[in-house]
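Participant: Build me a structure from this.
(chains A, B, C and D)
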There are 2 protein chains.
Amino acid sequence: MRNPSEQNYIQQLSIDCVIFGYHDKQLKVLVPKLNFNGDFWALPGGFVSQDEDIDTAANRILQQRTGISEIYLDQFYIFGKAARNSLIFMNKLIALNPQLLSENGQHGKEFDWFTRRFVSIGYYALVDLNQVVPEKTDLDSSINWYNIKELPEMIIDHNEIVERALNALRFNLDEKLIAFNLLPETFTMKDVQELYETIYDKPFARNNFQKKILDLNVLERLEKKFTGAANKAPYLYRRKG
Amino acid sequence: MRNPSEQNYIQQLSIDCVIFGYHDKQLKVLVPKLNFNGDFWALPGGFVSQDEDIDTAANRILQQRTGISEIYLDQFYIFGKAARNSLIFMNKLIALNPQLLSENGQHGKEFDWFTRRFVSIGYYALVDLNQVVPEKTDLDSSINWYNIKELPEMIIDHNEIVERALNALRFNLDEKLIAFNLLPETFTMKDVQELYETIYDKPFARNNFQKKILDLNVLERLEKKFTGAANKAPYLYRRKG
DNA sequence: ACAAAAGTGTTGAGACTACACCCATGT
DNA sequence: ACATGGGTGTAGTCTCAACACTTTTGT
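Facilitator: Presented below is the predicted three-dimensional model:
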């Protein structure tokens, strides 16, 4: 990433993305680790160009990190506390990475850009984890899926952003029928149920759950899935359309 | 209002408020008319100071316009299309108000400030219309309550903002029990019902509605309200707490 | 035949709807 | 007494949770 202070971005406005994936009965979030001395994690984020819709910007950021172009995403909250700046982060960062000062100068453009207060638009995205090829930017030393219950401590309020994203996800799940974005193209009813149980962190009755989901009338039943297990083979389903 | 370009505001970020009131079985929105030649209406709005939470800024803006300090408000959406700028508005404005050019200069700070693209945070507020004393700013020629079905054509996307605010209001009404913010301190059950019927634009059954509202368990029953009409006097209610 | 897991049916409780009835109030 | 509008009760329908039972599959 080039120096954002030199790009034609809207100042003091950022986008932070909570990218949800699902695997092995666990809800995961894609989080990069920053490429500096010290342990700094931050949600995938970015800025909005002057000639770019904010939704387009969020899409661009998500495509950069996941490689997926058609992605489900939803703007869920604006984080705008006056104290939302990177000062604490930058101080720790520079204490551990003194070479940054000589490179940029404490009063250089980039330092000024980053230490100002930011208003951030929170988006959450739902992806099929298997289709994602996580991509680092120049700023990242790594990018990994973390179980949502075992997230690292992130900078500023990013842990709170994830919490709010999860609440928004739970709130919208039934309303907008978006859970299937977290699953592969075909799946069994048990997959769907385990996904719901993971998201809401509570069990559902098998028969009633099946009825409820099928009554939504958005799934088509395909052939059976024979796993070789000594039991009745479940049907595979796929989203209609 | 002083020249915002000289204030220490976050640039290209604005707040637009949809202030809902209720009177005479009609849902109303408080809309100022701008103090220029030509018919320009715009939602009450403002900017965010560098040291101010966005919620605090919204509160400040609402207090300025309504005189009420403790106000119910809710951030509901952020409007961030790249084409969201005041160019069309400013061109019309200057065509009708050529003196503005000589006062500020077409390339003056204020002109630059206003014609850039803005990202705007949408808030809606619920107020007891009777407690509001609408206040003009220096920019306004008038400020009035408009029936939501008879709003004037406003600048940029402000009519769309109202639509989205109404949807958010409907969506949150049951969840958050916020309707009573639109009513005076005491009210009859019929008042509540008519309010709901106005907001959702559909009728409710009287007995069932009463049961539903009372089952919420947030109202306390007070004395009866004798109007002098030749019928049973309805009870007054008030929010608990 | 058996165990394991999937599919389906049934029943009861609670929520919501529609209809009906009773009560208070001023003329 | 009567009309008007407010308060309350009840039966039917719908939804959802809990239980039970049947079917399919490989060993």
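Participant: And the strands in chain A, which stretches?
Facilitator: A:9-23, A:26-34, A:45-49, A:72-79, A:119-126, A:140-147, A:187-188, A:219-224, A:235-239 (DSSP state E).
Participant: which parts of chain A sit against DNA strand C?
Facilitator: Counting by CB under 7 Å from any atom of the strand, chain A comes close to DNA strand C at A:188-190, A:206-208, A:210, A:229-235. C-beta here means a position set from N, CA and C on the backbone, and glycine is covered the same way.
Participant: Could you work out the most separated pair of those residues?
Facilitator: A:208 and A:230 (25.9 Å; CB to CB).
Participant: is it possible to export the strands of chain A to a markdown table including distance to residue A:200, mean neighbour count and mean pLDDT?
Facilitator: Listed next are those as a markdown table, based on distance: least, CB to CB, whole Å; neighbours: other CB atoms under 10 Å in any protein chain shown; pLDDT from 0 to 100:
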| stretch | distance to residue A:200 | mean neighbour count | mean pLDDT |
| --- | --- | --- | --- |
| strand A:9-23 | 13 | 23 | 96 |
| strand A:26-34 | 10 | 21 | 96 |
| strand A:45-49 | 27 | 20 | 95 |
| strand A:72-79 | 17 | 18 | 97 |
| strand A:119-126 | 15 | 24 | 98 |
| strand A:140-147 | 16 | 15 | 94 |
| strand A:187-188 | 18 | 19 | 96 |
| strand A:219-224 | 19 | 12 | 90 |
| strand A:235-239 | 20 | 17 | 94 |
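Participant: Pipe those into JSON lines and attach distance to chain B per row.
Facilitator: Below are those laid out as JSON lines (distance: least, CB to the nearest CB, whole Å):
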{"stretch": "strand A:9-23", "distance to chain B": "5"}
{"stretch": "strand A:26-34", "distance to chain B": "22"}
{"stretch": "strand A:45-49", "distance to chain B": "7"}
{"stretch": "strand A:72-79", "distance to chain B": "5"}
{"stretch": "strand A:119-126", "distance to chain B": "6"}
{"stretch": "strand A:140-147", "distance to chain B": "26"}
{"stretch": "strand A:187-188", "distance to chain B": "29"}
{"stretch": "strand A:219-224", "distance to chain B": "26"}
{"stretch": "strand A:235-239", "distance to chain B": "25"}
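Participant: Neighbour count: residue A:208 and residue A:230, which is higher?
Facilitator: Per other CB atoms under 10 Å in any protein chain shown, whichever of residue A:208 and residue A:230 has more neighbours is residue A:208, with 9 against 5.
Participant: helices and strands of chain A: which one bottoms out on pLDDT?
Facilitator: helix A:99-104 (a mean of 73; mean pLDDT, DSSP states H and E).
Participant: how distant is that one from the center of its chain?
Facilitator: How far helix A:99-104 lies from its chain's middle: 31 Å, per CA atoms, centre = their mean, to the nearest Å.
Participant: Contacts for that helix, please.
Facilitator: A:36, A:93-94, A:110-111 (CB atoms under 8 Å, 6 or more residues apart in numbering or on different chains).
Participant: Residues contacting the biggest helix by length in chain A, please?
Facilitator: The longest helix of chain A (DSSP state H) is helix A:158-176. Here helix A:158-176 makes contact (CB under 8 Å, 6+ apart) with A:16, A:18, A:20, A:27, A:29, A:41-43, A:74, A:76-77, A:79, A:120, A:122, A:124, A:126, A:148, A:151, A:153-154, A:178-179, A:196, A:199-200.
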